[in-house]
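Chemist: Mind looking at a prediction? Sequence and model below.
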Amino acid sequence: MNLETSYIFKSKRLGFRNWKESDIPKMAKISGDAEIMRFFPAVATFEQTKEFVFRMQKMFEERHYCYFAVEELKSKKFIGFIGLCFQDYEAQFTPCTDIGWRLDKKFWNKGYATEGAKRCLEYAFQVLELEKIIATAPKINEPSISVMKKIGMQKKLEFKHFKLKDFPKIEECVCYEIQQ
């Protein structure tokens, strides 16, 4: 089978697809890296990553979007995820669809998060016809906030994330938004 046919869509350098079981160990390595996960309460276990992948597969089936598995087109290497996720945790801006990314650090500082997020916004607005997309991050997560700004998102509010109340370093968060 030609791998290219498995992409839901592409950007200039990236291919976006649904998850395969073979992605789990690769994503577990990324989500298990303390440097990559420094703005989260903890690194993810293999089992948590497996649950995440299955949740994304189910979300894609139900909503036609998820945090997509992403490959670098040139090398066909799995680099992490960039995509959309339905959120319904308790907050003043939920339920909503958010945009997020988590990449292997070997692929940082190449513009992939920005390129991929822009392409995901096009998919959200032109194909899925969603009205708005949000993004959240701890206030100290400057790299992600920078991507939010680069893709045209505007700061909507600051809030204390209830899921992070036991982690004062990352509890103070920002919410950015972009509308179609």
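Modeler: The structure has been received and is ready for your questions. Numbers count the residues shown, from 1 in each chain.
Chemist: switch to C-alpha atoms for all contacts and neighbour counts from now on
Modeler: OK.
Chemist: Who does V174 form a beta bridge with?
Modeler: A137, E158 (DSSP bridges).
Chemist: I'd say it and P138 touch.
Modeler: Yes - with contact defined as CA atoms under 8 Å, V174 and P138 form a contacting pair (6.2 Å).
Chemist: Where do the strands of this structure begin and end?
Modeler: With DSSP state E as the criterion, the chain has strands at 9-10, 14-17, 67-72, 77-87, 96-103, 132-138, 154-160, 172-179.
Chemist: Just give me the neighbour total for the residue nearest to F81 when sequence neighbours are not counted.
Modeler: Distance criterion CA to CA, 6 or more residues apart in numbering; nearest residue to F81, sequence neighbours excluded, is A69 at 4.7 Å. Residues lying near A69 (other CA atoms under 10 Å) number 25.
Chemist: And A69, what's its pLDDT?
Modeler: Per-residue pLDDT puts A69 at 98.
Chemist: Give the buried residues for stretch 127-135.
Modeler: In terms of neighbour count (16 or more other CA atoms under 10 Å), stretch 127-135 has its buried residues at I133, I134, A135.
Chemist: State the distance from the second one to G83.
Modeler: The spacing between I134 and G83, counted by CA to CA, to the nearest Å, is 12 Å.
Chemist: can you give me the helices for this structure?
Modeler: For the chain, the helices defined by DSSP state H cover 23-31, 46-63, 112-122, 142-150, 168-171.
Chemist: So what touches the fourth one?
Modeler: Taking CA atoms under 8 Å, 6 or more residues apart in numbering as the criterion, the residues outside helix 142-150 that touch it are A113, T114, A135, A137, K139, Q154, Y176.
Chemist: Contacts only, for the residue nearest to K118 when sequence neighbours are not counted.
Modeler: Closest residue in space to K118, ignoring its immediate chain neighbours: I151 at 5.8 Å, by CA to CA, 6+ apart. Contacts for I151 (CA under 8 Å, 6+ apart) come out as T114, A117, K118.
Chemist: For H64, the count of nearby residues, please.
Modeler: Counted with other CA under 10 Å, H64 comes out at 15.
Chemist: pLDDT wise, what is the nearest residue in space to it that is not next to it in sequence at?
Modeler: Distances taken as CA to CA, 6+ apart place L128 nearest to H64, at 7.9 Å, with adjacent residues excluded. What the model reports for L128 is a pLDDT of 96.
Chemist: All set now, cheers.
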